[in-house]
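Participant: Provided below are the primary sequence and the corresponding predicted coordinates.
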Amino acid sequence: MKLRIFNVQVFQPLRRPVSESAAVSGVIIWVYDPPEDSVVVRMLTQVPVQFKDIEAYRSIVGDQVIQTLKEKAEPLKGARVVHINSTAYGGGVAEMLYTTVPLMRSLGLEAEWQVIQGDQDFFTVTKFLHNSLQGMEIPTTREMREKYLHIVKENALNFQGDYDFVVVHDPQPCAMLEFLERAKRKRGRWIWRCHIDTTFAQDDAWDFLLPFINRYDAAIFTKDDYIKTPLEVGKVAFITPSIDPLSPKNMIPEPEVQRFIINRYGVDINRPIILQVSRFDPWKDPLGAVDTYRMAKKEFPQVQLVFLASMASDDPEGWHYYEKTSNYAGEDPDIFLLSNLQGIGNLEVSAFQAASTVVLQKSLREGFGLTVTEAMWKGKPVVAGKVGGILLQIDDGLNGFLVENPVESAERVVKLLGDEKIRERVGAAAHRKVQEKFLCTRKLQDYLDLFLSLN
Ligand code: UDP
């Protein structure tokens, strides 16, 4: 695919803090100075995905599930489906599309995945929008709206193809439909999929997005309390995310491989490991994770804390939070901040999850939290923030622990570090919960049901 660039102007953003609270939390806003003319023609890019065969899942989910999927897919054979989001790597949406798209193909649908294009300022604006929708006090300024609409419009007007179902993920591409409708180019059914925790969304961010959401034929949310005000979409569906038990991320490496990988990063596999796998993001509360570790270390001086992060292309805030966490961790040799830049990929994440003693997910907001699901699937006891989608996954005390602050999380971590039996009991229950509710085959069925209801 060719990206045509003409009359490029360099765009100079200003930096200034927007509000007391934003400044206190270290947030800097980019004020957009819109260019006179359109400068870059942006086209969505196609993401190549591997082949996956639905039959391979039979031994994990059973005959009945596979048969139901095939029956539901029958009337949808040949349906053209495209998923649109804003990044091909980093974060839960990309993680899921690498499975959803090939499995839809395996069931006979013609599924594709396209990613919108944007510059750094666009992704800064969309990250602010994301933060504001998750409840951070950031105003959605006129400049931000203009920047957002300018880039989304370019993507929309260059969107090619004729699809029966278009599934648009998250706020970044949400307004595309608006521009296609205005241009009388809407084809097929459009579904907006919200992955974020909008329980405490700021009014101006929600109100900005609402007219664009209302254009859709359907919207999918993870929980009903994420819908702040009534929607006018044709249909609202509630679908929880899921993991792929056959992805490299979720296949557990042999103990020797785990040892080899973990030693490579200087972490001692013979000492207890607390692990948090997350983008560096205020909502993932990496500083709270460090506090938890410090309190636990008083009881267990041998314990180590490992952060695994992937730096997503649509998340420019990641570096800011990486630095913040690194400064907060200081010179402690038992705290490790590792990322995809040091070769942390699916195999490494899986090895660390499998080898850790306790998995932490100290989130303050969490649309769902696939990292929680992944660790639960590996039979790990997870201590996680009592927020958002984590509440759908962990039944407190039974298959994990829900916490509201670092003191509580340290108490739970200490309890788990000191008691192997509890770790095993909680971990086994965690695995069962994922088997029952959060595997990709269940989510595929939910998608098929939705498509059939819109047909
Ligand atoms: N992830 C990864 N490598 C990392 C950090 C995260 O592959 O170094 C993956 C993680 O395993 C999970 C996804 O990114 O599959 C994060 O999804 P989640 O729903 O937990 O959070 P999000 O980033 O979407 O807010």
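Facilitator: Nice, I can see it.
Participant: so how far is Thr373 from Val434?
Facilitator: 6 Å (C-beta to C-beta, to the nearest Å). Glycine gets a C-beta too; all of them are placed from N, C-alpha and C.
Participant: which residue of those two possesses the greater neighbour count?
Facilitator: Neighbour comparison, Val434 and Thr373: the larger count goes to Thr373, with 27 against 23 (by other C-beta atoms under 10 Å).
Participant: gap between the more buried one and Ala56?
Facilitator: Counting by C-beta to C-beta, the gap from Thr373 to Ala56 is 19 Å.
Participant: pretty sure Leu305 is in a helix, no?
Facilitator: No. Under DSSP: H, G, I helix; E, B strand; the rest coil, Leu305 sits outside any helix and is assigned strand.
Participant: number of residues surrounding it?
Facilitator: For Leu305, the count of nearby residues is 25 (other C-beta under 10 Å).
Participant: thought it was touching Ile335?
Facilitator: Yes. Assessed by C-beta atoms under 8 Å, Leu305 is found in contact with Ile335 at 4.8 Å.
Participant: what touches both of those two?
Facilitator: By the contact definition C-beta atoms under 8 Å, 6 or more residues apart in numbering, Leu305 and Ile335 are jointly contacted by Val290, Tyr293, Ala329.
Participant: and the pLDDT at the last one?
Facilitator: When you say that, I think you mean Ala329. For Ala329, the pLDDT comes out at 97.
Participant: same check, this time on the second one
Facilitator: Among the per-residue scores, Tyr293 shows a pLDDT of 98.
Participant: next one: Gly367
Facilitator: 96.
Participant: contacts only, for it.
Facilitator: So, once contact is read as C-beta under 8 Å, 6+ apart, Gly367 ends up touching Gly92, Cys194, His195, Ile196, Asp197, Thr222, Tyr226, Pro241, Gly388, Gly389.
Participant: go on, His195?
Facilitator: Applying C-beta under 8 Å, 6+ apart, the residues contacting His195 are Gly92, Val93, His169, Asp170, Thr222, Pro241, Gly367, Phe368.
Participant: quick one: which of the residues you listed sit in strands?
Facilitator: Counting by DSSP state E, the part of the contacts of His195 found in strands is His169.
Participant: could you single out the nearest of the contacts of His195 to the ligand?
Facilitator: Gly92 (2.8 Å; C-beta to the nearest ligand atom).
Participant: so how many other residues sit close to that closest one?
Facilitator: The burial count for Gly92: 21, using other C-beta under 10 Å.
Participant: hmm, it is touching Val372, no?
Facilitator: No. Taking C-beta under 8 Å as the definition, Gly92 is not a contact partner of Val372, at 10.5 Å.
Participant: for the stretch 151-300 of the chain, what lies in contact range of the ligand?
Facilitator: By the criterion of C-beta under 6 Å from any ligand atom, the positions of the stretch 151-300 of the chain lying close to the ligand are Lys249, Val277, Arg279.
Participant: in helices only, show me those residues.
Facilitator: Assigned to helices by DSSP state H, none of these qualify.
Participant: pairing partners for the helix or strand hosting Leu308, with directions?
Facilitator: Using DSSP states H and E, Leu308 sits in strand 304-309. Next to strand 304-309 in the sheet, as set by DSSP bridges, lie strand 273-277 (parallel), strand 335-339 (parallel).
Participant: how about the stretch 201-350 of the chain: which residue is closest to the ligand?
Facilitator: Ser310 (3.6 Å).
Participant: show me what the strand or helix carrying Thr100 is packed against.
Facilitator: For Thr100, the element it lies in under DSSP H and E is helix 92-106. Judged by 3 or more C-beta pairs under 8 Å, 6 or more residues apart in numbering; DSSP states H and E, helix 92-106 is in contact with strand 80-85, strand 110-115, helix 370-377, helix 440-454.
Participant: so it versus strand 110-115, what angle?
Facilitator: 160 degrees (axes from the mean of the first three to the mean of the last three C-alpha atoms, to 10 degrees).
Participant: tell me the average confidence for helix 92-106?
Facilitator: Helix 92-106 shows a mean pLDDT of 97.
Participant: and what of stretch 74-83?
Facilitator: Here the average pLDDT along stretch 74-83 is 98.
Participant: quick check: end-to-end length of it?
Facilitator: With C-alpha to C-alpha, to the nearest Å as the measure, stretch 74-83 spans 20 Å from end to end.
Participant: circling back: got the angle for the strand holding Leu308 vs helix 370-377?
Facilitator: Going by the same axes, to 10 degrees, strand 304-309 makes 130 degrees with helix 370-377.
Participant: quick one: buried residues of strand 304-309?
Facilitator: For strand 304-309, a neighbour-count test (16 or more other C-beta atoms under 10 Å) marks Gln304, Leu305, Val306, Phe307, Leu308, Ala309 as buried.
Participant: can you show me the CA trace of that strand as CSV?
Facilitator: Below are the C-alpha coordinates for strand 304-309, written out as CSV (Å, rounded to 0.1, in the frame of the first residue of the first chain):
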residue,chain,number,x,y,z
GLN,A,304,12.0,-9.5,43.3
LEU,A,305,9.6,-7.3,41.3
VAL,A,306,9.5,-7.6,37.5
PHE,A,307,7.6,-5.3,35.2
LEU,A,308,7.0,-6.4,31.7
ALA,A,309,5.7,-3.7,29.3
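Participant: quick one: the helix or strand that it is followed by to chain centroid distance?
Facilitator: Tracing the chain C-terminally past strand 304-309 and defining elements by DSSP H and E, one meets helix 317-329 next. Its chain's C-alpha centre and that of helix 317-329 lie 19 Å apart, by C-alpha atoms, centre = their mean, to the nearest Å.
Participant: between strand 304-309 and helix 317-329, find me the angle.
Facilitator: Going by the same axes, to 10 degrees, helix 317-329 makes 170 degrees with strand 304-309.
Participant: so what touches helix 317-329?
Facilitator: Against helix 317-329 from outside (C-beta under 8 Å, 6+ apart): 26, 124, 127, 131, 279-282, 286-287, 290, 305, 307, 309, 311-312, 335, 337, 339.
Participant: what do you get for stretch 444-455?
Facilitator: 65, 68-69, 72-73, 75-76, 79, 81, 100, 103-104, 107, 165, 167, 189, 191, 217-218, 220, 234-235, 237, 239.
Participant: export that stretch as CSV, just CAs?
Facilitator: Coordinates of each C-alpha in stretch 444-455 appear next as CSV, following Å, rounded to 0.1, in the frame of the first residue of the first chain:
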residue,chain,number,x,y,z
LEU,A,444,-16.3,-15.9,18.7
GLN,A,445,-19.7,-17.2,19.5
ASP,A,446,-20.7,-13.9,20.9
TYR,A,447,-19.6,-12.1,17.7
LEU,A,448,-21.4,-14.6,15.5
ASP,A,449,-24.6,-14.1,17.6
LEU,A,450,-24.3,-10.3,17.1
PHE,A,451,-23.6,-10.5,13.4
LEU,A,452,-26.6,-12.9,13.0
SER,A,453,-28.8,-10.5,14.9
LEU,A,454,-27.8,-7.6,12.6
ASN,A,455,-28.1,-9.6,9.4
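Participant: check this protein and tell me which residue is nearest its centre.
Facilitator: Gly92 (2.8 Å; C-alpha atoms, centre = their mean).
Participant: and it, what is it in contact with?
Facilitator: His195, Pro241, Gly367, Phe368, Gly369, Leu370.
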